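[1] Model the structure of this input:
(chains A and B)
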Protein chains: 2
Amino acid sequence: MLLFLAADSGHAGLLLALFTILITAKVMAEIFERLRQPAVVGEILAGVIIGPSVLGIVQPSEILSIFAEIGVILLLFNVGLDIKPKSLLSVGNKAILVGVLGIAIPFVAGYYVATLWGGNFAEAMFMGAALVATSVGITARVLGSMGLLNESTSRVILGAAVIDDILGLMILSVVSSVSKGTINYYAIIATAVSAIVFVIVVGAVGARLFTWLAPAINNLRISKPFFKFGLILCLGLSFVALYIEVAAIIGAFLAGMALSEATEDNPGMRQLSHGVMEFMVPFFLVYIGMQLDVTLFTESDVIMYSLVITLVAILSKMLGCGLGAMNMGLKDAMRVGVGMVPRGEVGIVVAQLGLSLAVIDSKAFAAVLFMAIATTLVAPPFIKLLAPRPAPTDEDIHISDVMTRIG
Amino acid sequence: MLLFLAADSGHAGLLLALFTILITAKVMAEIFERLRQPAVVGEILAGVIIGPSVLGIVQPSEILSIFAEIGVILLLFNVGLDIKPKSLLSVGNKAILVGVLGIAIPFVAGYYVATLWGGNFAEAMFMGAALVATSVGITARVLGSMGLLNESTSRVILGAAVIDDILGLMILSVVSSVSKGTINYYAIIATAVSAIVFVIVVGAVGARLFTWLAPAINNLRISKPFFKFGLILCLGLSFVALYIEVAAIIGAFLAGMALSEATEDNPGMRQLSHGVMEFMVPFFLVYIGMQLDVTLFTESDVIMYSLVITLVAILSKMLGCGLGAMNMGLKDAMRVGVGMVPRGEVGIVVAQLGLSLAVIDSKAFAAVLFMAIATTLVAPPFIKLLAPRPAPTDEDIHISDVMTRIG
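    Residues are numbered from 1 along each chain as shown, chains lettered A, B, ... in the order given. Below is the predicted model:
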């Protein structure tokens, strides 16, 4: 039922929650920009502050989790729009090496730390899996806001993060099978094959197809046809990705990338697409912050475990990805390593799955949650610090905004 | 919990539903544009087709109703952005006359038809109330897509619709009280006073305040500060409107109008705002269509009652509003009358409230539902037909889009 009446406190409550999230996110973003820190960190901290563990003004809910998911889907779609498949293919080999080493070393490191901490086999497997996947959304947001998405290191990071997410989801399905006592090899291979086919088909064939189709799409009678086609493709491929058991954000990223060539000839596309992204993305960032329950961190062993796991997560990812990117030179290798550090929502998903399967206890859960948010908070300042050129001032941002709009 | 995994069929199902809604809405919009009919009608019919009564591919749900509500809120915000308070004030007296007569005549007509049809006092009051409120969203969408929002007739329609919604909500609260056997005069007067104060304060003071504040907002460090401020104001005033028992869409409309002066100096604002509107509005239009359950229309008396109520709804609104606008000349009076015909979601809300209070039976409910959707489907072609200049071709729309973007 559509409710426009005050009688329905549910909708009024939701509107108030969305308003609160948006205003605190933007106030914190402004404060962080003035402190010359990444706005992303401010928006995540806004979630910590208004979430259940500090002020408790806004509670995580099913509906807010959906807004968060649509937010990260639109974020990755916009990231894809800025990246041409050619430029990603040109860093393909490097990205594969970075992605694979960036998974292997954190997984092994997580496994051993958990074992040393007294965890059994299944728990250690889960800790390994939690350290694996990179939160490409956070890194992409930081790189995008600095106008660095087309630097070669950025392309390696994004390519490797896509590979990471696919491999990470496969590891998670293996670990889940192990924890249930069985391994479904057939299902794992089927997922792997369909994921690889999906990425190749959409990345390679899709880009050519939509570049060829773009004039016909622009000739449709509806207003803003190319933008509407893009939104439909974004939701459609996100669903296909979920259906073949890959993360929805991979589908959204590929949808954007497939339209990136044609977007150059549709100057309104980016601005329209930024409009919907800017509305939805704060819900994603704030929701991550809301997941952190600080009351879990009253026991000293939880604090210790959290700090150790976080340190291992940072060092193992930097080591793995840095080694994979070493042939790009030390400085670029460090940039790639740091860019891959944020775990964000993927680590949280692994932790919650582990808890729901009763494989990890509440202390290990708290430690993974801390690691996921801490790596997400820690990385952006270093990404900014290591960036190849000085961060643009706000005047530059405004000018480049105007240029995009006019051009 | 954030779920990016295939394991969660709930999120996958929602993504599929959003994809299905968007693609069928846009296919139907394209078909209707080619038939030279308003795209809005196509999008509502898309909802009828995919909804429970025909194909049953997508079911109405709480989450879809929230997307629909955010959609209509963003629609009215965008309508407000295109209307300056001055231009609305200049038609103020006409709008008040149109709004008041456009409520009185339909209410009395609905009351007598229901009585003649054998309804008791409470049922007749509900039928009257259901014929009252105008769905400003539908009319605004049609006028906006034709670039007619700043015609004087359009301003009278929008002003009268705002008055309509406020008076309609007061009538509904009176009728609800009557059906429960008591009338809370204090609550009704409190709602009326707070609604009037809200409209005057935001409409008159807000516009000056934000025009004055705009340079400071544009100097914030976050990217696209004015757009983000607009989104926050839109959600905030929507909530305030609900809180003081006025429809959320009134708050959104006033938020847009308060920013309309400053928007002229922020050329990117409209395009960004259109981006988020174009994504969300189809969910609103399709959701209206999904409410129509055609299986209710198998009995001949339901069909008869539906047709009579619909005819009375159309004629009484045209008569009431047309009389109110008669001093603008016959042709403009007819334009205003036709523009006020769509009842859309407000009629549906009244009907569902009546059914839940057991005041109206399922036949009267079906008739109101039919009336709400039929008036919404019938009006747009006539709005287009009576428009003061020929509807722009799609080339014009594309050119004006580009102009907006560049200018």
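
[2] Touching, A:Ala109 and A:Met318? I think so.
    No: counting by CB atoms under 8 Å, A:Ala109 sits too far from A:Met318 to count as a contact (11.3 Å). C-betas here are computed from N, CA, C, even on glycine.

[3] Which secondary structure state does the spatially closest residue to A:Tyr112 that is not a sequence neighbour sit in?
    In this structure, A:Tyr112 finds its nearest non-sequential neighbour in A:Ala124, 7.6 Å apart by CB to CB, 6 or more residues apart in numbering or on different chains. Here A:Ala124 is recorded as helix under DSSP: H, G, I helix; E, B strand; the rest coil.

[4] likewise A:Thr134?
    Assigned by three-state DSSP, the conformation of A:Thr134 is coil.

[5] Check it and give its pLDDT.
    A:Thr134 is assigned a predicted lDDT (pLDDT) of 79.

[6] and the helix or strand hosting A:Gly159, how far out from the chain's middle?
    Taking DSSP states H and E as the definition, A:Gly159 sits inside helix A:152-179. In terms of CA atoms, centre = their mean, to the nearest Å, the centre of helix A:152-179 is found 12 Å from the chain centre.

[7] That one packs against which elements?
    If contacts are counted by 3 or more CB pairs under 8 Å, 6 or more residues apart in numbering or on different chains; DSSP states H and E, helix A:152-179 sits against helix A:85-89, helix A:92-116, helix A:121-130, helix A:136-145, helix A:185-200, helix A:248-258, helix A:330-339, helix A:344-356.

[8] That one to helix A:92-116, inter-axis angle?
    With axes from the mean of the first three to the mean of the last three CA atoms, to 10 degrees applied, the angle from helix A:152-179 to helix A:92-116 works out at 40 degrees.

[9] report the angle between the axes of helix A:152-179 and helix A:121-130?
    Counting by the same axes, to 10 degrees, helix A:152-179 lies at 160 degrees to helix A:121-130.

[10] Can you give me the separation between the most centrally placed residue in chain A and chain B?
    Centrality entry for chain A: nearest residue to the mean C-alpha point is A:Gly137, 2.7 Å, by CA atoms, centre = their mean. Using CB to the nearest CB, to the nearest Å, one gets 10 Å for the distance from A:Gly137 to chain B.

[11] In the stretch 151-300 of chain A, which residue sits closest to chain B?
    Proximity of the stretch 151-300 of chain A to chain B (CB to the nearest CB) peaks at A:Gly275, 2.7 Å away.

[12] of all the helices and strands packed on helix A:152-179, which lies closest to A:Ile57?
    Nearest to A:Ile57, of all the helices and strands packed on helix A:152-179, is helix A:344-356, at 20.7 Å by CB to CB.

[13] is the helix or strand following that closest one up against chain B anywhere?
    Following helix A:344-356 in sequence order, the next helix or strand is helix A:362-386 (DSSP H and E). No: on the criterion CB under 8 Å from any CB of the partner chain, helix A:362-386 is out of touch with chain B, staying 10.5 Å away.

[14] on contacts alone, who are the packing partners of helix A:362-386?
    For helix A:362-386, the packing partners by 3+ CB pairs under 8 Å, 6+ apart come out as helix A:39-50, helix A:121-130, helix A:136-145, helix A:267-290, helix A:300-324, helix A:330-339, helix A:344-356.

[15] repeat that with 7 Å
    On a contact count with 3 or more CB pairs under 7 Å, 6 or more residues apart in numbering or on different chains; DSSP states H and E, helix A:362-386 meets helix A:39-50, helix A:121-130, helix A:136-145, helix A:300-324, helix A:330-339, helix A:344-356.

[16] Run the chain-centre distance for the fifth one.
    Distance of helix A:330-339 from its chain centroid, counting by CA atoms, centre = their mean, is 18 Å.

[17] From chain B, how far out is the residue nearest to A:Thr115 when sequence neighbours are not counted?
    Distance criterion CB to CB, 6+ apart; nearest residue to A:Thr115, sequence neighbours excluded, is A:Ala124 at 4.7 Å. Distance of A:Ala124 to chain B, computed by CB to the nearest CB: 21 Å.

[18] Now do the helix holding A:Gly159 against helix A:300-324, angle only.
    Here the directions of helix A:152-179 and helix A:300-324 differ by 130 degrees (the same axes, to 10 degrees).

[19] Mind checking the pLDDT average for helix A:152-179?
    Across helix A:152-179, pLDDT averages out at 75.

[20] Could you check the angle that helix makes with helix A:362-386?
    170 degrees.

[21] Just the angle for helix A:152-179 relative to helix A:136-145, thanks.
    170 degrees.

[22] pLDDT below threshold where in the stretch 251-400 of chain A?
    Applying pLDDT under 70 to the stretch 251-400 of chain A flags the ranges A:344-346, A:348-349, A:352, A:356, A:389-400.

[23] Sorry, wrong one. I was asking about the stretch 51-200 of chain A.
    By pLDDT under 70, the low-scoring segments of the stretch 51-200 of chain A are A:87-88, A:166, A:169-170, A:173, A:176-183.

[24] Point out the residues in it that sit beside chain B.
    Contacts of the stretch 51-200 of chain A with chain B, taken as CB under 7 Å from any CB of the partner chain, map to A:63, A:65-66, A:68-69, A:145, A:169.

[25] cool, and the stretch 201-350 of chain A?
    Counting by CB under 7 Å from any CB, the residues of the stretch 201-350 of chain A near chain B are A:220-224, A:227-228, A:231-232, A:235-236, A:238-239, A:242-243, A:245, A:247-249, A:267-268, A:271-276, A:278-279, A:287, A:345-346, A:348-349.

[26] picking up where we left off before, quick one: the residue nearest to A:Thr115 and A:Leu311, what's the gap?
    Counting by CB to CB, to the nearest Å, the separation of A:Ala124 from A:Leu311 is 17 Å.

[27] if you count what's nearby, which of these two comes out ahead?
    A:Ala124 (23 against 13; other CB atoms under 10 Å in any protein chain shown).

[28] that older thread, wait, doesn't the residue of the stretch 151-300 of chain A closest to chain B sit right on B:Ser273?
    Yes: counting by CB atoms under 7 Å, B:Ser273 is a contact partner of A:Gly275 at 6.1 Å.

[29] Residues touching stretch A:45-55, excluding its own?
    Among residues not part of stretch A:45-55, those counted as contacts by CB atoms under 7 Å, 6 or more residues apart in numbering or on different chains are A:20, A:24-25, A:28, A:57-59, A:285-290, A:292-295.

[30] which residues touch A:Leu172?
    Applying CB under 7 Å, 6+ apart, one finds that A:Leu172 lies in contact with A:129, A:350.

[31] If we use 8 Å, what do you get?
    By CB atoms under 8 Å, 6 or more residues apart in numbering or on different chains, the contact set of A:Leu172 is A:129, A:132-133, A:350, A:353, B:5.

[32] Repeat that for A:Leu16.
    By CB under 8 Å, 6+ apart, the residues touching A:Leu16 are B:Phe239.

[33] Could you do A:Gly119 as well?
    A:Gly119 makes contacts with A:127, A:360, A:364, as judged by CB under 8 Å, 6+ apart.

[34] now swap in A:Ala241 and tell me
    A:Ala241 neighbours (CB under 8 Å, 6+ apart): A:198, A:247-252, A:254.

[35] Include neighbour count and distance to B:Leu101 when you put the residues you listed into a markdown table, please.
    Shown next, in a markdown table, are the contacts of A:Ala241 (neighbours: other CB atoms under 10 Å in any protein chain shown; distance: CB to CB, whole Å):
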| residue | neighbour count | distance to B:Leu101 |
| --- | --- | --- |
| A:Phe198 | 20 | 60 |
| A:Ala247 | 29 | 57 |
| A:Ala248 | 29 | 52 |
| A:Ile249 | 30 | 54 |
| A:Ile250 | 28 | 57 |
| A:Gly251 | 30 | 53 |
| A:Ala252 | 29 | 50 |
| A:Leu254 | 30 | 56 |
